[in-house]
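Engineer: sequence and predicted structure, then a few things I'm wondering about:
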Amino acid sequence: MLLTISTTHQPATDLGYLLYKHPAKVQQVEIAGGKAHIFYPESGAERATVALLLDLDTIGMVRNHAGIRLEEYVNDRPYVASSFMSVALAKAFSTAMNGTCRDKPELVEVRMPFEVTLSVLPVSGGEPFLRRLFEPLGYQVAAHPHPLDATFPEWGESRYYTVKLANTLRLKDLLSHLYVLIPVLDNEKHYWLGEHEVQKLLEKGEGWLNAHPEKEQITRRYLKNLGSLTRQALGLLAEEAAEDTVAEEKTEALAEALPAPVREVKTRLHDQRLEFARAVLKSSGAKRVLDLGCGEGRLLQLLLKERQFEEILGMDVSHRSLQIAHDRLHLDTLPPRQKERITLLQGSLTYKDQRIAGYDAAAIVEVIEHLDLPRLASFEKVVFEFARPRTVVLTTPNAEYNPQYETLSAGTFRHSDHRFEWTRAEFETWAKKVANHHGYQVTFLPIGPEDEAVGAPSQAGIFTVN
Ligand code: SAH
């Protein structure tokens, strides 16, 4: 079983430093059940490839490791990528996976273009499942299925695929994704299961698993057949989500300490929406901006960092959310010159409000779906007639994307407080009507990974008026 990782990052020889494996040497690591060989089929300044070749001994595996419960001596394990590959990855590339690089530490945070080839990957759930695992993480996926037996085409395809993955990301993230997702795709029993597996899954899944639409399925399969461990892991993930604020602040502090080119591009969907709104407000040239339905103040936090915005007003109907925003923005301890740039107001977007009139631009991120449909007419008047900012960036979920979330039962919304979720056509019809009525122009853009058939998870309308 062969796995290769290639990069065209310049100079590609950086790969050797990052992996802490010299390109001119062939090296081995011992793993339970066999050996893994590490070597570089190519290593130039333009392109470098590292290969991990698994050499498993099924008989030794069964005899020497009582914990391995393989039914037979004859099985597919030596020939496919499975949990053994994850173990080999973790052992061969442990320093890279932990995000350490002794000689060139600055490389750890650099996002590089990578191509991965898995020569034989068992995929339980077929190509759609394979895509649902990797595409939300930003991978381009090419999968070539192998027939069960080429001489008997009528037997159909096997569950084995040759898979190519391409993405631009940090190497440590790539290795963590592979470590967790290979055994998830294989979906056979793993020989490694124990209490500390929950911990390992959380460690390797840090920063991506919690936001992954297939989180539950991944956790369940990774900890196959161990119901209580799965529940424990899902419980811990939920706690992690609750602590997200702290984690995010840490990440932000880290990101700010890094030079711009190596800052990680955030991929989480909500971050993408906020980033999108920030970018639209900024490029509109606005100096005085509104965040309507500002919630807990995540966007306000981004806006405050932009000097271009001299006055920022966040409004929300929820007092509790505004309190959280107040704390998140550290309003009590901000230096006076910063503090006077920002105001938080409690108010409803369905009532005309003089305090939000006369601003240059407004963001309304994931708010309209929280309003009862009959209230939408008042909302339109309040925003587009009375407040009338020259630019409005408004986002809402794209309902067509919902079937992509496996945990969402048909006909339900993504959030219990949503009153409606629109298809792209429904949103565009509403937005064009509003724009026409109030003399605005509107353009539409997708937010998040786009599916050919159903579009992206979120949709934005950008309204402008002269
Ligand atoms: N824009 C924020 C919050 C989105 S959640 C973000 O993207 O993070 C939706 C927010 O809309 C909630 O904070 C809710 O309190 C607010 N909201 C709901 N109805 C509202 C109304 N009538 N007027 C103002 N805000 C409202």
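Structural biologist: Great, that's in hand.
Engineer: show me the contacts for the residue of the stretch 1-150 of the chain found nearest the ligand.
Structural biologist: Nearest to the ligand in the stretch 1-150 of the chain, going by Cβ to the nearest ligand atom, is residue 136, at a distance of 19.5 Å. In this view, the C-beta of every residue, glycine as well, is placed from N, C-alpha and C. Contacts for residue 136 (Cβ atoms under 8 Å, 6 or more residues apart in numbering) come out as 212, 213, 214, 449.
Engineer: near the ligand, which residues of the stretch 51-200 of the chain?
Structural biologist: Residues of the stretch 51-200 of the chain lying close to the ligand (Cβ under 6 Å from any ligand atom): none.
Engineer: ranges for the helices of the stretch 51-200 of the chain?
Structural biologist: 58-64, 83-92, 94-97, 126-134, 171-186, 195-204 (DSSP state H, counting those that start in this stretch).
Engineer: just the element for residue 289, please.
Structural biologist: strand 288-292 (DSSP states H and E).
Engineer: how far off centre is the helix or strand following that strand?
Structural biologist: Moving toward the C-terminus from strand 288-292, the first helix or strand encountered (DSSP H and E) is helix 298-304. Averaging C-alpha positions (Cα atoms, centre = their mean, to the nearest Å) puts helix 298-304 20 Å from its chain's average.
Engineer: go on, stretch 428-436?
Structural biologist: Per Cα atoms, centre = their mean, the centroid offset for stretch 428-436 relative to its chain is 31 Å.
Engineer: could you list the domains of the chain?
Structural biologist: Following automatic domain parsing, the chain resolves into domains at 2-192, 251-465.
Engineer: a markdown table for the ones you listed, including mean pLDDT and distance to residue 223?
Structural biologist: Converted to a markdown table, the domains of the chain look like this (pLDDT from 0 to 100; distance: least, Cβ to Cβ, whole Å):
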| stretch | mean pLDDT | distance to residue 223 |
| --- | --- | --- |
| domain 2-192 | 85 | 9 |
| domain 251-465 | 86 | 17 |
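Engineer: tell me the contacts of residue 366?
Structural biologist: Contacts for residue 366 (Cβ under 8 Å, 6+ apart) come out as 270, 273, 293, 395, 396, 397, 458.
Engineer: and the ligand, which of the residues you listed contact it?
Structural biologist: With Cβ under 6 Å from any ligand atom as the criterion, the contacts of residue 366 include residue 293 near the ligand.
Engineer: burial check on the residue of the stretch 201-350 of the chain found nearest the ligand, number of neighbours?
Structural biologist: In the stretch 201-350 of the chain, the residue that lies nearest the ligand is residue 295 (2.7 Å; Cβ to the nearest ligand atom). For residue 295, the neighbour count with other Cβ atoms under 10 Å is 19.
Engineer: OK, contacts around it?
Structural biologist: Contact partners of residue 295, counting by Cβ under 8 Å, 6+ apart, are 316, 318, 321, 325.
Engineer: using TSV, lay out these together with distance to the ligand.
Structural biologist: Formatted as TSV, the contacts of residue 295 follow (distance: Cβ to the nearest ligand atom, whole Å):
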residue	distance to the ligand
316	5
318	4
321	4
325	9
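Engineer: from those residues, which ones fall inside strands?
Structural biologist: Mapping these onto strands (DSSP state E) picks out residue 316.
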